[in-house]
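Asker: Need a 3D model of the following:
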Amino acid sequence: MKKKETKPKTATDLKEMFAAMQELEKTKGIPMDTMLENIKKSIEKACKSNYNNDDVVFAVDVEKGIFQAYIQKTVVEEVTDPDREVDEKLGRDLDIRAVIGSKVRIPVDTKNLGRISVQNARSVIRQGIRDKEREITLKEFKEKENEIVTAVVENIDPVTGNASIRIDKSIATLTKAEQVGIEDLKEGDSVRVYVAEVKEQEPGKKGKNKGPRAIISRTSNEFVKRLFELEVPEIYDGVVVIKSIAREAGSRTKLAVQSTNPDVDSVGACIGARGVRVAKIVEELGGEKIDIIEYKEKPEEFIAAALSPANVVKVEVLDEENKSCRVTVPDSQLSLAIGNRGQNARLAARLTSWKVDIRPESGFYGEDEKENDGEELIAENGEELLESTETVNDAFSEDEEVIADFDGNEAVTEDTLSEETVTEENMDEVAEKETVTEETAEENSKESDNSENYDNEKEPKDEEKDSAVSE
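Answerer: Numbering: from 1, shown residues only. Below is the predicted model of the structure:
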């Protein structure tokens, strides 16, 4: 087979190339001058590699379809560097106006640049275009940082659920984590997103520039804040101020607002006539519930309002420094104050930045101190001691003074003690007396027990009767 000859580019081919550049300028936003500069740099690099001469000039005319490169050489009497010099005769053949010391142009045939040089030139062109794209993207996103923009969904990754969205002429990624859970994005959908942050990424391991990275979100608290600024003129003008936001994206949001003008109702301004303003925001968030409360300077009032829609009986500040409080609600309102899986209490704590302990009005079982039949429970050194309000002396005669002997667990009176001092000599006698006393006490207790049993058992049981008969 004969090798197919490559024809030099004609004016028609160059016009098509320029037309492609113009189309790229419209779609990508890359200026045509930038692309031409990259092409020139690539040719200069190829000429230096092939001809050892990077003194290259260009003749470009987009309308006529002209793009020609020339190597410049200096006219000299005697040539010492053929790559950069020509003699006077050759110089005048190239340009009749050439004189010693002037430069002449020699056309460059791109077919002679070689395959490797052409590949390098293409790499330079592509790299230049990518760099310009990143620069334009970074500039566009920087202008929209901390703002809400409208984007179009290009495609959805079926595995990760991430959405590629187009913002003007730039492409960004809306990750699944930054999407509202209940919404289902589809290709071609128009969606509002919040540009949270834009930054230039660090080069990779191979030194490649990864370009700018824009963090796009629909779950951010700032997204809700910007939506209210767009829908509520009073917030945009600064008459109504958003003090704090607590949000669980896709489920519920609590918003605390305050009016700088006493004649303007902050909550009413956010809701709008017949709820029109807040309804638009709820629709944008896919039906997410929004609680709007009025901000209060006193923590007790602010915390009580934050637990809306539950009613609050009282708020006790336990630790002002660590922002800890106890909230009492009616028994019937306890589940409402806590919310589904603790959501209402959790959002209230985030909104106010206080630790909230919610308790019913009647208290929890076993929590409070109890008083039963004149007895009160006292906590001492971590142990519970039961003290009776009855006086022990009531069990004895008024003339006797009760002395508690904790070692022997016995209660004795002064009369039972001998006035003599107990010494080592009479210790045995005292011990004998105590023994006799204990034996006497045991006999008396037995007699009393027998008498009590007799009194209580008026009639013997059937079994006992039978046993008596048989005996």
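Asker: Identify the bridge partners of K314.
Answerer: T328 (DSSP bridges).
Asker: any weak-confidence spans in this protein?
Answerer: Applying pLDDT under 70 to the chain flags the ranges 1-14, 110-118, 121, 201-211, 364-471.
Asker: Show me how the record splits it into domains.
Answerer: With domains defined by automatic domain parsing, the chain comprises 11-113, 132-219, 228-293, 296-368, 373-419.
Asker: In TSV: those domains, plus distance to S123.
Answerer: Using the backbone N, CA and C atoms, a C-beta is placed for each residue, glycine as well. Output for the domains of the chain, formatted as TSV (distance: least, C-beta to C-beta, whole Å):
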stretch	distance to S123
domain 11-113	8
domain 132-219	12
domain 228-293	44
domain 296-368	52
domain 373-419	78
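Asker: and the ones you listed as TSV, adding mean neighbour count?
Answerer: Below are the domains of the chain laid out as TSV (neighbours: other C-beta atoms under 10 Å):
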stretch	mean neighbour count
domain 11-113	15
domain 132-219	15
domain 228-293	17
domain 296-368	16
domain 373-419	10
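Asker: quick one: which of these is nearest V124?
Answerer: Comparing the domains of the chain against V124 with C-beta to C-beta, the closest turns out to be domain 11-113 (3.9 Å).
Asker: Run through the helices of the stretch 51-200 of the chain in chain order.
Answerer: For the stretch 51-200 of the chain, applying DSSP state H, counting those that start in this stretch gives helices covering 88-94, 115-144.
Asker: can you redo these as a markdown table with distance to L174?
Answerer: Shown next, in a markdown table, are these (distance: least, C-beta to C-beta, whole Å):
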| stretch | distance to L174 |
| --- | --- |
| helix 88-94 | 60 |
| helix 115-144 | 13 |
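Asker: Do you have the strands of the stretch 1-150 of the chain handy? List them.
Answerer: Secondary structure of the stretch 1-150 of the chain (DSSP state E, counting those that start in this stretch): strands located at 56-61, 66-76, 85-87, 103-107, 148-156.
Asker: who touches the shortest one?
Answerer: Surrounding strand 85-87, the residues in contact under the criterion C-beta atoms under 8 Å, 6 or more residues apart in numbering are 73-79, 94, 104.
Asker: let's see 7 Å
Answerer: Contact partners of strand 85-87, identified using C-beta atoms under 7 Å, 6 or more residues apart in numbering, comprise 73-76, 79, 104.
Asker: hmm, back to that, which one of the helices of the stretch 51-200 of the chain lies closest to I338?
Answerer: Relative to I338, the nearest member of the helices of the stretch 51-200 of the chain by C-beta to C-beta is helix 115-144, separated by 40.0 Å.
Asker: I'd like to check the angle between that closest one and strand 148-156, please.
Answerer: Using axes from the mean of the first three to the mean of the last three C-alpha atoms, to 10 degrees, the direction of helix 115-144 lies 140 degrees away from that of strand 148-156.
Asker: going forward can the numbers begin at 38, since that is how I track them
Answerer: With 38 as the first residue, the last one maps to helix 152-181.
Asker: Show me what helix 152-181 is packed up against.
Answerer: helix 69-88, strand 207-211, strand 227-237, strand 249-254 (3 or more C-beta pairs under 7 Å, 6 or more residues apart in numbering; DSSP states H and E).
Asker: and the angle for it with strand 227-237?
Answerer: Taking the same axes, to 10 degrees, one finds that helix 152-181 is oriented at 110 degrees with respect to strand 227-237.
Asker: orientation of helix 152-181 relative to helix 69-88 in degrees?
Answerer: Interaxial angle of helix 152-181 relative to helix 69-88 (the same axes, to 10 degrees): 150 degrees.
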